[in-house]
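Visitor: Structure for the following, please:
(one chain, ligands or ions: 1)
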Amino acid sequence: MIPLSKLQDGDQRVNNGKRKGAVRVRTWIALERIAAAPPGGGEDVVLQGIDFRVGAGEFVAVVGVNGSGKSTLLRVLAGLLPVAEGKAATHPEADGAVRIVFQNPDAQLIGETVYEEIAFGLEQLGVPTEEMPERVRLALRSVGLDVPASTPVERLSGGQKQLLGIAGALAAEARVLLLDEPTSMLDPVSKASVVDTVRALRDRGLAVVWSTQAMDEVGLADRIVALQDGRVAFEGTPETFFYGEAGKGDDAHGANDGGVPCVALGLRLPYAVETAHRLRDHGVRLTVRPVTDDQLLEAVAGLCR
Ligand SMILES: Nc1ncnc2c1ncn2[C@@H]1O[C@H](COP(=O)(O)OP(=O)(O)OP(=O)(O)O)[C@@H](O)[C@H]1O
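Guide: Numbers count the residues shown, from 1 in each chain. Coordinates of the predicted model:
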């Protein structure tokens, strides 16, 4: 770990509806030119020359095709994997407050009941037993998990288990929440519930790093970091990721595909972007470049007014 003095707070663009534009955020974790071997160790270097930072209230999406290094990066951020080269620093106020939620909820939940699962993290923090019921109740409420605390974990759906994992992280006073493809095993309703919950937590100041291959989930990210073969191939706004640089042939179809980072990296454009392009193919020109369904709706409604 490098000294705190090297952990500079930075101006980041935020994109969460209430706050938009450049604001100064407190950096919780910073990586500088890091390289890392895979979780099992060995000679291979999976990540190379990665610069990364995440701060309070930021939602950073880490995207990339299978094997691009997303999980490895999240493990490095969680402190579960040492860096082979480069520097990694965590702000002292975030030290011990970085929590990771994995793709498969069954692989990480250890309590037999909802209560036990959350209480386990509270015990680690040294929370007195008598305070635990209230802390468990608040954690469940903050993720919208409306089940009795006595519910056996095995009776929860996949989405409820993911929410429980997040509730456990919150109860343990996480400042940085790392989510490794948290919705990939979920049905659409559970998926929407996890996405909405995490967005609300981000709006309340939690730092969120969300890895995914589902581009519909990342339109509201403040930044997208796209990995390819263990390197950062793109870092910027969702709009640039899905449409290319403004003024440089903002066309996600046909001849300009190479100029759209999302397409060039082999990932599918989100529904809103695909639809905007189809509309354009039908002669309908939107005045904005929507990246979420809500933005698409707003843009189309604007044409009809
Ligand atoms: N335990 C391991 N031992 C050796 N190589 C590994 C190990 N875990 C991952 N790798 C390799 O590291 C690279 C990055 O894997 P990683 O799981 O970080 O990618 P990912 O982007 O999360 O992929 P996915 O979307 O498929 O989960 C891959 O080439 C993978 O084969």
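Visitor: what's near enough to touch T90?
Guide: 1, 28-29, 79, 98 (C-beta atoms under 8 Å, 6 or more residues apart in numbering). Quick note: C-beta positions are derived from backbone N, CA and C, even for glycine.
Visitor: Am I right that A30 is in a strand?
Guide: Yes: assessed with DSSP: H, G, I helix; E, B strand; the rest coil, A30 lies in a strand.
Visitor: How many residues are close by it?
Guide: 21 (other C-beta atoms under 10 Å).
Visitor: what about the closest residue in space to it that isn't next to it in sequence, helix or strand, and which?
Guide: Counting by C-beta to C-beta, 6 or more residues apart in numbering, A30 lies nearest to R53, which is 4.4 Å off, once chain neighbours are set aside. R53 belongs to strand 47-55 when assigned by DSSP states H and E.
Visitor: neighbouring contacts of that strand?
Guide: Strand 47-55 is contacted from outside by 9-10, 12, 25-36, 60, 69, 72-73, 76-77, 86, 176, 207, 209, 225, 230-232, using C-beta under 8 Å, 6+ apart.
Visitor: 7 Å instead, please
Guide: By C-beta atoms under 7 Å, 6 or more residues apart in numbering, the list of residues contacting strand 47-55 from outside reads 9-10, 12, 25-36, 60, 69, 72-73, 76, 176, 207, 209, 225, 230-232.
Visitor: which residue ranges form the helices in this protein?
Guide: Listed in chain order, the helices found in the chain under DSSP state H are 70-77, 114-125, 132-142, 158-171, 188-203, 238-243, 261-264, 271-281, 293-304.
Visitor: Pick out the shakiest of those, pLDDT-wise.
Guide: Lowest mean pLDDT within those: helix 188-203, at a mean of 85.
Visitor: Now that one: buried residues?
Guide: For helix 188-203, the neighbour count (16 or more other C-beta atoms under 10 Å) marks 190-191, 193-195, 197-199, 201-203 as buried.
Visitor: Alongside the ligand, which residues does this structure contribute?
Guide: Counting by C-beta under 6 Å from any ligand atom, the residues of the chain close to the ligand are 38-40, 42, 44, 46, 64, 66-72.
Visitor: Of these, which pair is most distant in space?
Guide: G42 and G64 (20.8 Å; C-beta to C-beta).
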